[in-house]
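Visitor: sequence plus the predicted model coming up.
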Amino acid sequence: MAVWKPLPHALDTDVRNLIDQLRACKDRSGLTLSSLAERTRHSKSSWERYLNGKAFPPQQAVTSLGRLAGADETRLAALWELADRAWSGRHASEPRSATPPGTPVRPAEQPATTGSEALPSHTLASPAPPQPSAGAAQGPPRRGPRLRPAALTRLRPRAARWGVLLVPVASLAALAVAAVVIRWDPASQSSPGAVARHTTITSTEPGALETRCFEDSCRGQDPRVMGCAGDAWTAALTRVHGVYVELRYSDSCKAAWARISWGAPGDIAKVVADSGTSYQEHVHYDTDVYSPMVASDASSAARACAVLTSGAHGCTGPGGPVHLTEPPEPVNSPSVSVS
């Protein structure tokens, strides 16, 4: 469990409560900031700012972290609403009523008109409507008979008959669509591999994982963008001059990629498939980066490598079946207190 830095004293209580819950969710999930960046749409530096009160987290980030930690999404949503009001200052800028509740508001007095805008004399002289006596019961005003156009009265029975006819027609149309959906079976296609390659959403247990590629179609793609990081795990791990090198693998996408941690700008993460295909990416800032993916029908069909700016380099062995523990956060991580 990370030792968190104290939050800024100027933070509102509602914002502080939300961040405390997000920190608890991160600790419960066991994920590092790098893993959060890999499995969500937000970068490592963004998560560092969110979890330390430097920036306000968007609702989508809160929801994503809550799902990864198995937290109560309804409670997190309520905490986010309160924190959002406090952060944006809406609770202080909402207008207050000048009159106590329940006080009738008098209509604004109309200014007297003169000259050509004055009312005609016969209008001013018109008698006022009779006022009810003080003892009479005040009830709702009576309405006169409602006049209906003759054409509308004649069309109303016909419209009713059309409504009676349209209800069963709509029901039959819905049944026909349902029958078509039920009869369509992707498993009946001649090539299961082709179906898998064209599938854009893959459901896994537990929960539904949205992926946008499978095996060959994942080549050169970003694992986070394609949704493959949702079930990723570390299949091989080594260290090259203090830099962690991981082989990350997704069972849903049948793809692998390399990730390095504790590195420096310019260090390279490279993944190599048994077929000879390889992709790489270098650290632009911070201490970690991951490569694009290679197609890999098993974790043992790929390796991860690191090439450091110092000239040192090294690779993991082929991935194994055991889910290895991810590297810890660097000691100098801005989210961790150093004692």
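Guide: Thanks, I have it. Quick caveat, the model's predicted, so the values are computed rather than measured.

Visitor: what sits against the nearest residue to residue 70 once chain neighbours are set aside?
Guide: Spatial nearest neighbour of residue 70, chain neighbours left out: residue 28 (7.4 Å); criterion: CB to CB, 6 or more residues apart in numbering. C-beta here means a position set from N, CA and C on the backbone, and glycine is covered the same way. Residue 28 makes contacts with 69, 70, 71, as judged by CB atoms under 8 Å, 6 or more residues apart in numbering.

Visitor: what about the helices in the chain?
Guide: 13-29, 33-39, 44-51, 59-69, 73-88, 90-93, 121-124, 150-183, 192-198 (DSSP state H).

Visitor: sketch out the low-pLDDT regions of the stretch 101-250 of the chain for me.
Guide: 101-208 (pLDDT under 70).

Visitor: ok, residue 53 - contacts?
Guide: Per CB under 8 Å, 6+ apart, neighbours of residue 53: 7, 8, 11, 15, 16, 19.

Visitor: what about the nearest residue to it once chain neighbours are set aside, distance to residue 14?
Guide: Closest residue to residue 53 apart from its sequence neighbours, by CB to CB, 6+ apart: residue 7 at 4.7 Å. Counting by CB to CB, to the nearest Å, the separation of residue 7 from residue 14 is 13 Å.

Visitor: for residue 254, same thing?
Guide: Separation of residue 254 from residue 14 (CB to CB) stands at 44 Å.

Visitor: neighbour count winner among these two?
Guide: Set side by side, residue 254 and residue 14 show more neighbours around residue 254, with 22 against 17, by other CB atoms under 10 Å.

Visitor: how about that one, nearest residue that isn't a chain neighbour?
Guide: Nearest non-adjacent residue to residue 254, counting by CB to CB, 6+ apart: residue 215, 4.2 Å away.

Visitor: how far away is residue 229 from residue 264?
Guide: Using CB to CB, residue 229 is found at 23 Å from residue 264.

Visitor: next one: residue 74
Guide: 42 Å.

Visitor: looking at those two, which is more packed in?
Guide: For residue 74 versus residue 264, neighbours defined as other CB under 10 Å are more numerous around residue 264 (14 against 9).

Visitor: phi, psi of that one?
Guide: Dihedral pair for residue 264: phi -140, psi 160, per degrees, to the nearest 10.

Visitor: wait, it touches residue 309, no?
Guide: Yes: applying CB atoms under 8 Å as the test, residue 264 and residue 309 come out as touching, 6.4 Å apart.

Visitor: count of neighbours near residue 5?
Guide: The local packing of residue 5 (other CB under 10 Å) involves 15 other residues.

Visitor: with residue 299 instead?
Guide: Each residue near residue 299 was counted by other CB under 10 Å, and the total is 23.

Visitor: I'd say it and residue 323 touch.
Guide: No: using CB under 8 Å, residue 299 is not in contact with residue 323, being 9.7 Å away.

Visitor: can you pull the residues that touch both of these two?
Guide: Here residue 299 and residue 323 have residue 235 as joint contacts, going by CB under 8 Å, 6+ apart.
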